[in-house]
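[1] Got a predicted model here, sequence first, then my questions.
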Amino acid sequence: MTDTTRVEEEPTAPGAGRHLAWALVLISVAQLMVVLDGTIVNIALPYIQRDLDISNANLTWVVTGYALAFGSLLLLGGRLGDLYGRRRVFMVGLIIFGVASLLGGLATNEGLLLAARGLQGLGAALASPAALALITTTFPAGPSRNRAFAVYAAMSGVGAAVGLLLGGWLTGLHGVFGLDVEGWRLTLLINTPIGIVTALLAPRFLAESESHPGELDLPGAVTGTLGLLGLVYGFSRAGSEGWSDPLTISSLVAGALVLALFLVIESRVEHPLLPSRVFLNRTRAASFGAMFLAPAAMFAMFFYLSQYIQTVMGYSPLKAGVAFLPFCIGLVAAAGISSNLINRFDPRYLAGTGTILAAAGLFGFSRLPYDTTSPVAPETGNYATDLLPFILLMSFGMGMTFVPLTLTAVHHLRDQDTGIGSGVLNTMQQVGGALGLAVLATLATQTFTDRARELGPEMADPTVQSQVFTEGATNAFLLGAILMLGASAITWAFLNVKHTELATDGPEGGVHVG
């Protein structure tokens, strides 16, 4: 009896289906919480600034601090799961995340809030790779695992939009249950009970993996983390301060040099933090490459479209969040469809088609109307005709992209490498998103600068500012579409695994079906 037959019989055991369903609920809740926390505080920033008296320069660290800790620690988090037990690391990450959220929600000063956000990033970096690895080791290969990956991918994709919606709603609340609590604090406090309860339920529904204590590559962990920290910070700073900023340049150069040292160390140690075999598979490398470019393009939609809807169209924060609901619905629907289609079609066709649809959506956003020559009659996009069709295109495209690429990124990894493989995938998304946003912001900022030079005093008019912002945003959307086409080219050219192979378990070189 082959491995494939064995794993397909497992869910028929009494209670196995319900057990797997609850396991997926826990993993999905954790992933959604980790992803949405990157955006949930965005709408609350003005209220946080007022209550804690944070300067404009330091306010961005409320968002950046989380992203830096999360992005730079993902490789280490993934490997710790492989070495010390994925369920254990998953639980530790969630508890750290919950406690950090409590500290942030109760923060009375800027320092405590920023420290709590960094601690949240650490918890997320431990929990997120472990969550993806637990899907690989908990769900049998085939339809069951495909559905689980679809839910995970949906949570990863809609998290940012859900964060905007939930952040807008919670920020508007005050005095909930008779308590004198500012609404912005609820954007953090809501994570505490969810994270800790999820962690406490994990032993009941998730099996522990084999551990390998004593094999931690400490030099690799330090250099890998510091190198990624330098790159993520450099890219983040480039988006706001420009590529010529001395600190941006020094951070990127230092990050690149330390990562080069990391690679040298990894080639010489007995138990490397990042084994080269994780990258040597062409299908896996293609998945990582496409997942580097696709989120970079998707971040453009959330970053610029959320600003456009509020500053140009005049939507309230809550209404702006609701405007993204069709994206959530479309992505969840597309992910569900993809999980079924992946049983019949090769990942190349699904992800290739998905990236083309997403590129078309971004191109549609690049056609938003603006007219910097007529401030008296400014052009403003209509939600139903100028935004909604392309939001839906983007959502279906990303839903069809995330599921197959997530599956192929961890396909046939050795059991001892599933955590680090998941960590690499998450790192590609975070670093790619930071780089993409920096490049897109540079293009948009250059447009603002050029128009300010041309228009001179007219730029003081808020209407003209809105039109110039729209022009800059459309240029960023167009570049985002090009990045998405790059992800599509990688998918079509190199993602050559067959759908029948995804129904098999075991490491590379194992059973191949068809």
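    Looks like it came in fine.

[2] quick check: mean pLDDT across the helix or strand where Gly352 lies?
    Per DSSP states H and E, Gly352 falls inside helix 347-365. Rounded to a whole number, the mean pLDDT of helix 347-365 is 96.

[3] next one: stretch 225-235
    On average, stretch 225-235 scores 91.

[4] which element follows the helix holding Gly352 toward the C-terminus?
    helix 388-409.

[5] His499 in helix, strand or coil?
    coil (DSSP: H, G, I helix; E, B strand; the rest coil).

[6] Show the pLDDT at it.
    For His499, pLDDT reads 85.

[7] Domains in this structure, by residue range?
    Listed by automatic domain parsing, the domain ranges of the chain are 18-207, 218-272, 279-506.

[8] Distance from the helix holding Gly352 to the middle of the chain?
    18 Å (Cα atoms, centre = their mean, to the nearest Å).

[9] Please tabulate the domains of the chain in JSON lines, including the columns mean neighbour count.
    All C-beta spots, glycine's among them, are computed from the backbone N, C-alpha and C. As requested, the domains of the chain are exported to JSON lines (neighbours: other Cβ atoms under 10 Å):
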{"stretch": "domain 18-207", "mean neighbour count": "21"}
{"stretch": "domain 218-272", "mean neighbour count": "18"}
{"stretch": "domain 279-506", "mean neighbour count": "21"}
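
[10] packing partners for the top helix by length along the chain?
    In the chain, taking DSSP state H as the definition, the longest helix is helix 418-455. Counting by 3 or more Cβ pairs under 8 Å, 6 or more residues apart in numbering; DSSP states H and E, the packing neighbours recorded for helix 418-455 are helix 61-84, helix 86-105, helix 110-138, helix 218-241, helix 277-280, helix 282-300, helix 388-409, helix 462-494.

[11] could you redo the last one with a cut-off of 6 Å?
    helix 61-84, helix 110-138, helix 218-241, helix 282-300, helix 462-494 (3 or more Cβ pairs under 6 Å, 6 or more residues apart in numbering; DSSP states H and E).

[12] mind putting those in TSV, distance to Thr198 included?
    Formatted as TSV, the helices and strands packed on helix 418-455 follow (distance: least, Cβ to Cβ, whole Å):
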stretch	distance to Thr198
helix 61-84	16
helix 110-138	9
helix 218-241	25
helix 282-300	24
helix 462-494	32
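
[13] Tell me which of those helices sits nearest to Val197.
    helix 110-138 (13.7 Å; Cβ to Cβ).

[14] Could you pull up the mean pLDDT of that closest one?
    92.

[15] Use 54 as the first number from now on
    With 54 as the first residue, the last one maps to helix 163-191.

[16] what's downstream of it, the next helix or strand?
    Following helix 163-191 in sequence, per DSSP H and E, is helix 196-224.

[17] If you compare the directions of that following helix and helix 471-508, what angle comes out?
    Orientation check (axes from the mean of the first three to the mean of the last three Cα atoms, to 10 degrees): helix 196-224 against helix 471-508 gives 50 degrees.

[18] which stretches of this structure have low pLDDT?
    For the chain, applying pLDDT under 70 flags the ranges 54-70, 227-234, 267, 425-432, 558-567.

[19] How much space separates Gly295 from Gly489?
    According to Cβ to Cβ, to the nearest Å, Gly295 and Gly489 sit 16 Å apart.

[20] what do you get for Ala120?
    Ala120 is 13 Å from Gly489, by Cβ to Cβ.

[21] what does Ser297 give?
    Distance from Ser297 to Gly489, by Cβ to Cβ: 19 Å.

[22] now Met451
    In terms of Cβ to Cβ, Met451 sits 14 Å off from Gly489.

[23] Spatially nearest residue to Leu223 (excluding sequence neighbours)?
    Ranked by Cβ to Cβ, 6 or more residues apart in numbering and with sequence neighbours excluded, the top spatial neighbour of Leu223 is Leu239, at 4.3 Å.

[24] Quick check: next helix or strand after the one helix or strand that neighbour maps to?
    Element membership for Leu239 (DSSP H and E) is helix 236-242. Following helix 236-242 in sequence order, the next helix or strand is helix 244-258 (DSSP H and E).

[25] Give the other helices and strands that that next one contacts.
    Looks like helix 244-258 contacts helix 69-89, helix 139-158 (3+ Cβ pairs under 6 Å, 6+ apart).

[26] Assess the claim that Phe341 and Gln482 are in contact.
    No. Counting by Cβ atoms under 6 Å, Phe341 stays clear of Gln482, with 9.7 Å between them.

[27] got a list of what Gln483 touches?
    Gln483 makes contact with Gly124, according to Cβ atoms under 6 Å, 6 or more residues apart in numbering.

[28] Could you measure from it over to Leu127?
    Separation of Gln483 from Leu127 (Cβ to Cβ): 7 Å.

[29] Just give the nearest non-adjacent residue to Arg200, would you?
    Per Cβ to Cβ, 6+ apart, closest to Arg200 is Ser392, 4.8 Å.

[30] The one you found: which element?
    With DSSP H and E as criterion, Ser392 is part of helix 378-394.
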